[in-house]
Every structure is written in structure tokens, then in C-alpha cells.
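[1] Coordinates only, no sequence provided:
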């Protein structure tokens, strides 16, 4: 995929599909109880997901391959040989099934991969088997990045151009990521698809807004009254990672970036209003359809692309409030001249 093709998509959807969410104890688990991970992946209805995306006019989806644990959505021999773990990779190749359902509807597939390995795995010893001892926020070595790119390359070679691009999370400068380490990931995915687009979440969602840490009933939180801008891309980005807490930032017209302007934020409502950054994958919609249409339309006119994180159920369906909001917003967008 070229950057211009991606730009023409205008907007799409991001989904957190995770062991602790769709297979957890919350409302996203439509079975209501925890099962082995492979059963969770088997339950996923790709046709339901793709049909809902098509109904609201989404041009693409960014889907989690894994996030911080051993739980992958497809088999991976490299990972199993390196770790000896046999209960993490699903037996079903959900990526291939997703591609089959999405491609029939002209919807592109991007994948999400974390740069801090299994730092959040339920078994703290699991990450150590992979050579990473830092825990959440630990320092990343080049040797670790080379090892962690092994499973990534296996996936990239398997899927080829079925995967349009990759969004790398947790590749923060605070844990010592740099251009050299980021290039290892980009080379891995480009081995399978030379035109794969890449975004590196190098700064996170709070750059360079004003962060105010305080305490409420013993819980740290971030006040909502801060200004956001879109973090600059690394030299290896094809599009900006663009993670935001709110859909309220726009591309800086005075900056000349090689990367395509792109933003990513969530529709969900945090359970605790003061934890403004905890709406990822949550239910409900904190924006009106009019606001979403106005924001996406303006961002598109400035040459960028917008991705909305939506709450996904175990069965592959979306939160109904968010689905209705995006459907109405899409219809309003159709009336705009972009």
C-alpha cells in the first residue's frame, strides 16, 4: 500500500482484541467466563466484524496481533521454539480469516505489535524466557529486539501483502528505542511486504501536552485540562502513530514531515472520569456523531487519516453505541466535500 492509497481511506477502526479483555471477566466476553485462549480465538466471527465495518464505511482496521503477553492470534513456530511456551499462540490463524472477510469488502488490514515483548504476561517468568528482564518500562537491548523480531518476521513472510501495514506500540525512547532498533522491526515486516506501511509509537499519547500527576483515593491520574499535539514521526515512520487522549489535535501546517499525518484515539468512556487515558477498548461513545464527522472531515481536508478505537466483543461484534455513532458520523461525512 502506498501512503496516498492510505490517505484515500480517510478513516478506519482500531480494535484491542486481548486475552484479558475478550477472554476476561468483563462484558466483552460474550460467553461470560474465561476459556483457553485458543477457544476464544475460535469463537471470533470474522464475517460479523467485516460486515459491521462495511456497514459504517470504514476503509481499514488495525487489529492487535498481541499486546504485552504470550497470547497471539495466529500460530508462530519461531515464538514457540524460542520460549518453549505452547499455550500462547492460537491454533486458528485469525489473520488469514480476517483478511478473507475484509478483502471481499475492500477493507484493508493493518496489524498491531508491541515492542516490549511479554512485559505484561500473567506469568512474570514467561518474559524472562524470551530474554527480557526489564518488566513494564524496562530497558530494551538490541539483542532483545532482534529476538522479538523473529516471530514478527515469520508473520510478515506468511502474510505478504495481505497485511497493508503495522502499528508498533511500546517502542518508546524512555526504554531506549532508537532508529537502529526500530529499523530491525521495519526490516522484518518489509521482508514479507516491501510496501508495508509502518508507524512507531515512539512518544506515546502525552507528547508534548501538560501532564499533571496527582492522587485521588490513592490512584494516580491525569487531569483532563491539557493541550495535545501530534507527536512527530521517527525517520522510519510512513505514517504518524498519532496516539491521542482526545480527538482534538490536527497536523501542524508549518511542519514538513515525510510521514502521512495520522491520529488514533478511543471512543470509549473511562470507568473513572479522572482516568482520562483509560478509555481504550471501553464501551460507550464520548463523542456525538456530529463531532466525529466534523473532526474526521477537517483532519482529512488537512491531508490526514483518522483511526477510532472501538470496543470489540468476543464474538466479533462492536459496542452498539459506538457502532451507531460511527454509522451516523459516516453518513454525515458523505455529505461533506473532501
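    Perfect, I can see it now. All values derive from a computational prediction rather than experimental measurement.

[2] buried set for the longest helix seen in the chain?
    In the chain, with assignment by DSSP state H, the single longest helix is helix 142-159. Using 16 or more other CB atoms under 10 Å as the test for burial, helix 142-159 gives 144-145, 147-156, 158-159. In this view, the C-beta of every residue, glycine as well, is placed from N, C-alpha and C.

[3] Ok, stretch 10-28 next?
    Buried-residue list, stretch 10-28, by 16+ other CB under 10 Å: 10-23, 28.

[4] Any idea which residue is closest to the centre of the chain?
    residue 112 (4.8 Å; CA atoms, centre = their mean).

[5] Is that one in a helix, a strand, or coil?
    Assigned with DSSP: H, G, I helix; E, B strand; the rest coil, residue 112 falls in the strand class.

[6] tell me which of the buried residues of helix 142-159 is nearest to residue 55?
    For those, the minimum distance to residue 55 (CB to CB) is 25.5 Å, reached by residue 159.

[7] so who does that closest one touch?
    95, 96, 99, 192, 193 (CB atoms under 8 Å, 6 or more residues apart in numbering).

[8] Can you pick out the most distant pair from those?
    Greatest spatial distance in the contacts of residue 159: 96 and 193, 14.5 Å, computed using CB to CB.

[9] who has more neighbours, those two?
    Taking other CB atoms under 10 Å, residue 96 and residue 193 do not tie; residue 193 has more neighbours (19 against 13).

[10] quick one, helices of the stretch 101-250 of the chain?
    124-129, 142-159, 179-190 (DSSP state H, counting those that start in this stretch).

[11] ok, back up a step: not counting its neighbours along the chain, what's nearest the residue nearest to the centre of the chain?
    Distances taken as CB to CB, 6 or more residues apart in numbering put residue 64 closest to residue 112, at 4.4 Å, once the chain neighbours are dropped.

[12] Please apply the same query to residue 162.
    Nearest in space to residue 162, with sequence neighbours left out and distances taken as CB to CB, 6+ apart, is residue 99 at 4.5 Å.

[13] Could you export the helices of the stretch 101-250 of the chain as a markdown table, including distance to residue 56 and mean pLDDT?
    Shown next, in a markdown table, are the helices of the stretch 101-250 of the chain (distance: least, CB to CB, whole Å; pLDDT from 0 to 100):
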| stretch | distance to residue 56 | mean pLDDT |
| --- | --- | --- |
| helix 124-129 | 37 | 76 |
| helix 142-159 | 25 | 96 |
| helix 179-190 | 28 | 98 |
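
[14] okay, those helices in JSON lines with distance to residue 280 next?
    JSON lines is the format used below for the helices of the stretch 101-250 of the chain (distance: least, CB to CB, whole Å):
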{"stretch": "helix 124-129", "distance to residue 280": "22"}
{"stretch": "helix 142-159", "distance to residue 280": "22"}
{"stretch": "helix 179-190", "distance to residue 280": "22"}
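
[15] any low-confidence regions in the stretch 1-150 of the chain?
    Scanning the stretch 1-150 of the chain for pLDDT under 70 picks out 131-137.

[16] swap that for the stretch 201-338 of the chain, please
    Within the stretch 201-338 of the chain, the segments meeting pLDDT under 70 span 205-227, 337-338.

[17] Strands along that one, start to end?
    Per DSSP state E, counting those that start in this stretch, the stretch 201-338 of the chain carries strands over the ranges 213-216, 219-222, 262-266, 305-310.

[18] So residue 67 sits against residue 18, correct?
    Yes. Under the criterion of CB atoms under 8 Å, residue 67 makes contact with residue 18 at 5.6 Å.

[19] Just the buried residues of stretch 284-302, please?
    284-287, 289, 292-297, 299-300.

[20] Can you tell me how far the closest residue to residue 293 other than its chain neighbours is from residue 52?
    If the residues on either side of it in the chain are set aside, residue 293 comes closest to residue 332, at 3.6 Å by CB to CB, 6+ apart. In this view, residue 332 and residue 52 are 18 Å apart by CB to CB, to the nearest Å.
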